[in-house]
Structures are given as C-alpha cells and as structure tokens.
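J.: What follows is a predicted protein model with its sequence.
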Amino acid sequence: MPEDPAKTIETLRQEIRRHERLYYVDATPEISDQEFDLLLKELEEVEAAHPELITADSPSQRVSGQPIDGFETVPHAQRMYSIDNTYNVEDLTKWAKRCFEALDPRLVELASESIAIDNQETEVKGQRTAEAKAVREKANLQREALASRTSDHLDAASAHGYPLPGGYVTEPKVDGVAISLRYENGLLTQAITRGDGTHGDDVTQNVRAIRSIPLKLSAVGKVPLPAILEVRGEIFMPQSEFVRLNEVTVAAGNEPFANPRNSTAGTLKQLDPQIVAERRLQFLAHGVGEMSAEAAEQITSHSEFLQHAASWGIPTNPLNQRCESLREAIDEIEKFEDQRNELAYAVDGVVVKVDSYAAQQHMGFTSKAPRWAIAYKYAAEQAETTLLEVQWQVGKTGKLTPRAKMEPVLVAGTTVQHATLHNFGEITRKDIRVGDRVIIEKAGEIIPQVVRVVKNKRPDGLKEMKAPEACPECAGEVEIAFSSASDGETGRETARYCINAECPAQLRERLIHFAGRGQMDIDGLGEKAVEQLTEAGLIGTFGDVFSLHERREEVLKLERMGEKKADNLFAGIVAAKDRGLARVLASLGIRHVGSTSGRIIAEHYGTLDALSKATAEDIQSFKANGSESGIGEEIAKSLHHFLHSERGQHVFAELKEAGVDLTMPQTEQGSTQKLAGKSLVVTGKLTRYTREEIQELIRTHGGRAASSVSKSTDYLIAGEKAGSKLTKAEQLGVKVLNEAEFHEILQDT
Ligand SMILES: NC(=O)c1ccc[n+]([C@@H]2O[C@H](COP(=O)([O-])OP(=O)(O)OC[C@H]3O[C@@H](n4cnc5c(N)ncnc54)[C@H](O)[C@@H]3O)[C@@H](O)[C@H]2O)c1
Ligand SMILES: [Zn+2]
C-alpha cells in the first residue's frame, strides 16, 4: 500500500526538527551531517512531488538556527541565507547548467528568437488561409532549427564546463558559525548570528573579544570605505585550538565538542567575553549584506568585493579561486580535497559561486538559499561493522572511558577497529549494545566515532549495556560526575572516575604520558616498557624512573630485556633530564596543562622557583611578547593548585633530586635570529611539535612560515607522509629537513 504523502512529510519534518534542535540548541548531534542532509533531501523530494503540501514553516523552506538564551534577538538589515548543498558532481553539474541557461548571452538570444517565432505564429492564429498555413510551417521549421542550435550550444557548453560571463569563484567552505558584522564609518557596531535568517542574536560583546576581527577598518582601499558595511563571514575555531579545548573539556569531566563548528557555537554562546578571548577564534569574510550605494556602485563582482574588503583590513581567504568554467571549479575541488587536511582549520567542502553581481541578481534566491551558489561537501567516510566489545579504559586522572572494539573495517584509507564512545551517557543515548551492527565514521584527523546502531539488523537477545560499578583494573571505588545544574537539567552522567589513589592503571597511564613523545620523550620507555616495569614494581612514581639504573639487575630479569635494550633505556632516561621546564610541566598530567601552555608559562617564568612564587592571577595575566599570553583561568588555577599541593611538592622534590632540569630559557633570551630572512614551509605529520608550535618557533627565530614551496623557499620541514610539497621541493632543489635536523639548527650555537 502506498504511503500517505502527508504522513511521510510530517514524520520527516518532525524528525528533522528534532535533529535541528539537538544540533543547534543542545550541540549534541546524534547523526552525521551527511545523514541529516539525506533526510532533508528526502523531504524535499516528497514535497516536490506534492507541492500542495509545502508549508512556509517546513524545514525545507527556512534557514534553521535557534535563538540563544541570554542574548538579544535583533533583525538583520538584509536577510542571511543558507547555501544548498550536494555531495556529488552530478548535482553540481546540474546546478551549473541552470546558471548557464539563465545567464549565457547566446542562450538568452536563442530564447528571444523563440519568442519572436511564437509571436509570428500568434499573428495568424485561427486563420485558415494558405498564407497562414505557410507561416505556421515556416515557424515549425524555424523552431526545429532553433531547438537543434540550442541543444548544440548546450552540448558545447557542457563539454566546456558551462563557462559563464564573469565566471565562477570557488571558496573553501570553512566549518564554523555564520556571522554578520556591521561597520558604521569604519567602526564595528554590531555582530549578529544568522539565526533564522531574518533575526539573529546580538553577540557584539563576544565578537569584540575575537582578535582576528578588526574593530576599526582602514580607509586605504581603492574604493573608499563605505559608510555602512555589513560583512558576512565565518567565525571558526582552528583545529589545534579545538583539540586543546576538548582536552580541557574532557579533563573537566564534560562531554567533548563533536566538531569545531559545535565548539565555535558553544564559545559564542558564552556570557563572559573573557572566555571567548581565551579560545582564539578566527574570522574569514565570504559575503556582503548592506553596503552604502557609493561603494556598491563601484563594485561589480563578489571577487572584487573580497579584494576591497581585504584592503579595508577584513580577513579574507587566500585560497579563494576564480574559475572560468565548472570544469576548472571541479579541478579546484579535487585539488583541494587532498590539501584540506593540511589546513589549520576544518573545511567541510567547497562553495562554488557565480561571481558577477549582475548575474547573481538575475538569478536571485529561493526561500532559503541563493540560486547562484552551491556547496559541494566532502563526505565523512562511513562504514558498517560489528561491535565486539566495550572496553573501559582508566586514564591518568582515573577517568573511565568506554571504547568500542569492532571487527576491523576500512574507512578513509585506514583500517579501524576501535572507536571512541566518550562516556556512558553516549552509550545509553545511542542504545549501543555488544553484538550490534554499527555505523562508524572517520572525518579527517578526528578519532573514529560510532555514529549509530543499525537497529533493524540487531540480533535477538542483545543486552543493554551496564556501566562499571567498580574500577575494571583495581576494583576500586567509582565516583560518578554529573553535569552541572546550569546545563538546564541535572543528573545527566558525564563521567566516572576510579578514586583509588594507588590504582595501578592510573599510575601506569601517568607514566606513559610522562615518557611520551610530546612530553619527556624517553627513548625505550614506551607503553609496553612502562607496563612491564610497573607490573614488576620497578617504577611507580616519576622519581622512580630516574633511579631505575640502581635496579639494573632486576630490570635485566624482565622478559625480552637484554643488556643492550636496558642500556638504551637508561641512556634515554638520562637524556630526558635535559628537556627543560616546558616539557616537565606538560608531562606531569596536571589538569588543563598541555604542551602549548606548558611552553608559554615556562618561557615566561624561566625557572620552577620563579613560577612557584607566582599567584594564580599572575599566571593568568602575564603578557608574552607584549600581548596576552592566552593562559586562561582554568589553566592558571589548576597549575597553581598543583604546584602548592602536597603531591606537587613531592613530585618536584623528586625530580630536583634526580637532577632534572627545571629551568627554561626565557623568550627574550631564548629567541635567536637564526632563521632571519629565511622562508620555511612545513608539511606532513609532525611528532615533536604541532603545526602551530613549529610555525611559532620559526617566527620567534626570525624566519617566515610560508604555506607553499617555491624557488625562494629555504627549507622544507617534512614530517611523515609528506606528499606533493616534498616532491616539489625535491624538484626545485629546496633543502629538506626532518624535525630533528630542524631542531638542531635552532640548537646550534
Ligand atoms: N547532524 C545533525 O543532526 C544536523 C542537524 C542540523 C543541521 N546539520 C548540518 O548543519 C548544516 C546546515 O547548516 P547551514 O544551513 O548553515 O548550511 P551549511 O553549513 O551547509 O552551509 C551554509 C553556511 O556555510 C557557511 N560558509 C562557509 N564558507 C562559506 C563561503 N565561502 N561562502 C558562503 N558561505 C560559507 C556560511 O556560514 C553559510 O551560512 C548542514 O551541514 C547540516 O548537515 C546537521
Ligand atoms: Zn582503579
């Protein structure tokens, strides 16, 4: 029996609205964007077949976005639209064809010829004379000829990728939050979120705290600064900041943000602009709203607008590209797909736009989106597999984290058999059971996630999951953390902790972290070795590591541990004593303190003794190189607390006793001009530094961190899996360094 379309539509709308709420209001989406877009497409298709059932409030007809509590909702001077999207080239091509049909001058001409033919015929309408008959015959012949000319022309256009007068522009689709910035006489007066497109939330105070957004524009452009200018663009969170924030969020017992867009939205919702300032958001312009007539008359295309915007001091994306045809645009999309993982921010696709303003105006808007733009989105890769087991892992803070162990499956080019489940709440929310068929997803660098269970493939008799009542490793007592009351609801479980201070799993995890690559980087003391040594009772504290050589005989008795391996380990431990204060701070597992904050703080204070004298306020408010350090209250408080706690005192006493270097060259003294005048490019996966860290290092040593390799590049620093940049450098004879060699250059005196 065919389904009742009205019912189908209503069910779909309800389902879509539910996901919109989860996504925009709660910031805890249950399904992936691609799945959401499929639901929406399904609704659009049913509605297209039954246009009489379309209502203005259907999710297919309106821009979604919800007001945020605590902010004033204000009208937009000009509407803000969404963008239609697609995941395939076929739809993209159909879109270009529609643009071409509306805009190509030859087609417009042919269309007017067709009207002229119709008109001739109308003149003799109803007449039965031989003359009239001849007119009609001639018209038919002309129409046939015209049809074949039109289709020839369209075929040729299709072969050439539908070239448009004025061309197209491709732009990275930065995954953030849309914003409208209003400047009056060059001063930022208002910042409004997109909201439902007609009204958004006034987040001006928070936006003022974002350093990459100019509060004042400069009037040096070729076109004088318009008296009124609304710039539309994207506020986003760079990847490194996203990772840092999630570390902090998880350490504080909260659920991590699903993606950088969520975390950006979450940040803009903060009632305290100080928090916004700490989170290092960025901005890129991608459009215009209201603009004073004097300027509007002189600017004839989108790409021109962006150029002028840049000259007025507004950040624009250097990766935007003008294209003559869709063929070129598709080339860009393909080229960009490989590049995007190297960018410092998340990109979920490429937006293709018709460039000329006249052409845009001619095409206009649907109720939801411009007809002159489309977003081509890259699919997050998904795969289906079977959940074999949920493992509970004990972290260095005692936190119990569930991890899915699955039948190995290939996604996004790698074999995956583990996925994160975040916490027990997620397991119950998604109703995940051992034995289920599950969909997992891997996007870019992000850890694989379990998206959902394929319910209709669930075998009979699967049991609901239970949360561990005791620590799976030490059987110790478990404490449950709940979300705070300010979340609106209380009692939602956010995390479980093993609170046994002697829990062997915690000791082990702490030591693994301590010896790890980004921290003390102890050669020979990997995960396996730590496991062996802790099990044998040879190490338990950080200090034990440095006196391990005194127990050489016992170490040698361990399985698979020869003389050579042991000596290597001892040498690695000795070498680690000189890592310096930054690495030490990052290695101790102090809540919220990671490698970046560790370095900034160590460079400022120079010694542990100086740092120990600082108050939490000092640590939070010092200036690094004349600007704010970015060390927030959480970090400062947590570090201060640790430094003055009994455990902290004990840890540092042990390290001092062992002869570990607890000092650090301060920035002013430490920075050299070793790279002065040199241009460096970084590529591939680095292990010692993050992208941002190494670029900062290049700059503090007087060098320039460029993004592409050319003849004027002095060095290419290549990590693992370096691709096209490495090939190019080799072709051009640019000197290639690995991380260690780069490090040596900086150390050279
Ligand atoms: N997973 C879920 O449950 C769920 C629920 C609701 C919505 N969503 C997702 O949210 C998105 C819908 O949001 P949307 O309406 O903002 O659409 P969108 O994010 O797909 O595209 C429109 C937005 O792209 C941004 N953008 C980035 N770069 C741009 C550029 N160069 N030029 C122009 N705009 C650019 C703009 O902010 C614009 O508003 C979809 O991706 C959808 O999958 C997911
Ligand atoms: Zn335990």
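T.: Structure's in. What do you need? Ligands and ions are numbered 1, 2, ... in the order given.

J.: State the distance from A610 to ligand 2.
T.: 36 Å (CB to the ion, to the nearest Å). C-beta: built from backbone N, CA, C; applies to glycine.

J.: For that residue, which three-state class applies?
T.: When classified by DSSP: H, G, I helix; E, B strand; the rest coil, A610 comes out as helix.

J.: Could you pull up the contacting residues of the closest residue to A658 other than its chain neighbours?
T.: Take A658 and drop its neighbours on the chain: the residue closest to it by CB to CB, 6 or more residues apart in numbering is F546, 3.4 Å away. Residues near F546 by CB atoms under 8 Å, 6 or more residues apart in numbering: I573, K577, E654, L655, A658, G659, V660.

J.: try A251
T.: Contact analysis of A251 by CB under 8 Å, 6+ apart lists T397, R591, H592.

J.: Top of those by number of neighbours, please.
T.: Comparing the contacts of A251 by number of neighbours (other CB atoms under 10 Å), H592 comes first, having 21 neighbours.

J.: Need the phi and psi values for that one.
T.: Here is the backbone geometry of H592 (degrees, to the nearest 10): phi 80, psi -10.

J.: So it is in contact with E634, correct?
T.: Yes. Counting by CB atoms under 8 Å, H592 touches E634, with 5.0 Å between them.

J.: which residues are common contacts for these two?
T.: V248, A252.

J.: from what I can see H362 touches A102, true?
T.: Yes. The criterion here is CB under 8 Å, and H362 meets it with A102 at 6.3 Å.

J.: Can you find the residue of the stretch 551-700 of the chain that comes nearest to ligand 2?
T.: Using CB to the ion, G589 is the residue of the stretch 551-700 of the chain that sits closest to ligand 2, at 15.2 Å.

J.: That residue in helix, strand or coil?
T.: Under three-state DSSP, G589 falls in the coil class.

J.: Could you check how far it is from A536?
T.: Distance from G589 to A536, counting by CB to CB, to the nearest Å: 22 Å.

J.: Could you do E20 as well?
T.: Distance from E20 to A536, by CB to CB: 55 Å.

J.: Those two - which one has more neighbours?
T.: Just comparing E20 and A536: by other CB under 10 Å the higher neighbour count belongs to E20, 17 against 14.

J.: ok, for that one, nearest residue in space, not its chain neighbours?
T.: Leaving aside its chain neighbours, E20 sits nearest to S64 (5.0 Å; criterion: CB to CB, 6+ apart).

J.: my guess is that neighbour meets G195, correct?
T.: No. Between S64 and G195 there is no contact under CB under 8 Å: 9.4 Å.

J.: Looking at these two, which is more packed in?
T.: Per other CB under 10 Å, whichever of S64 and G195 has more neighbours is G195, with 25 against 19.

J.: host element of the more buried one?
T.: Counting by DSSP states H and E, no helix or strand carries G195.

J.: With G200 instead?
T.: Following DSSP H and E, one finds G200 within strand 199-201.

J.: just A102 next, same as before
T.: Using DSSP H and E, the element containing A102 is helix 89-103.

J.: Name the residues that touch that helix?
T.: Residues from elsewhere that reach helix 89-103 (CB under 8 Å, 6+ apart): 84, 86, 107, 154, 157-158, 161-162, 164-165, 168, 326, 329-330, 352, 354, 359, 362-363, 371-372, 374, 376.

J.: and if you look at stretch 363-373?
T.: 56, 60-63, 79, 81-84, 98-99, 102-103, 197, 351-354, 359-360.

J.: List the buried residues of that stretch.
T.: Neighbour-count burial for stretch 363-373 flags K368, A369, P370, R371, W372, A373 (criterion: 16 or more other CB atoms under 10 Å).

J.: Turn these into CSV, columns for secondary structure and distance to Q449.
T.: CSV is the format used below for the buried residues of stretch 363-373 (DSSP: H, G, I helix; E, B strand; the rest coil; distance: CB to CB, whole Å):
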residue, secondary structure, distance to Q449
K368, coil, 29
A369, coil, 28
P370, strand, 32
R371, coil, 35
W372, coil, 35
A373, strand, 30
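
J.: After the helix or strand of the chain with the lowest mean pLDDT, heading C-terminal, what element do we hit next?
T.: Least confident helix or strand of the chain, by mean pLDDT, DSSP states H and E, is helix 667-670 with a mean of 45. Going down the chain from helix 667-670, the next helix or strand is strand 679-683, by DSSP H and E.

J.: partners of that next one, with directions?
T.: Partners of strand 679-683 in the sheet, by DSSP bridges, are strand 704-706 (parallel), strand 715-718 (parallel).

J.: so how far is that strand from its chain's centroid?
T.: Between the centre of strand 679-683 and the centre of its chain there are 22 Å (CA atoms, centre = their mean, to the nearest Å).

J.: Check which residues of that strand are buried.
T.: S679, L680, V681, V682, T683.

J.: what two of those are the furthest from one another?
T.: By the measure CB to CB, S679 and T683 form the most distant pair in these, at 13.8 Å.

J.: Which parts of the stretch 51-200 of the chain are helices?
T.: 89-103, 105-123, 130-159 (DSSP state H, counting those that start in this stretch).
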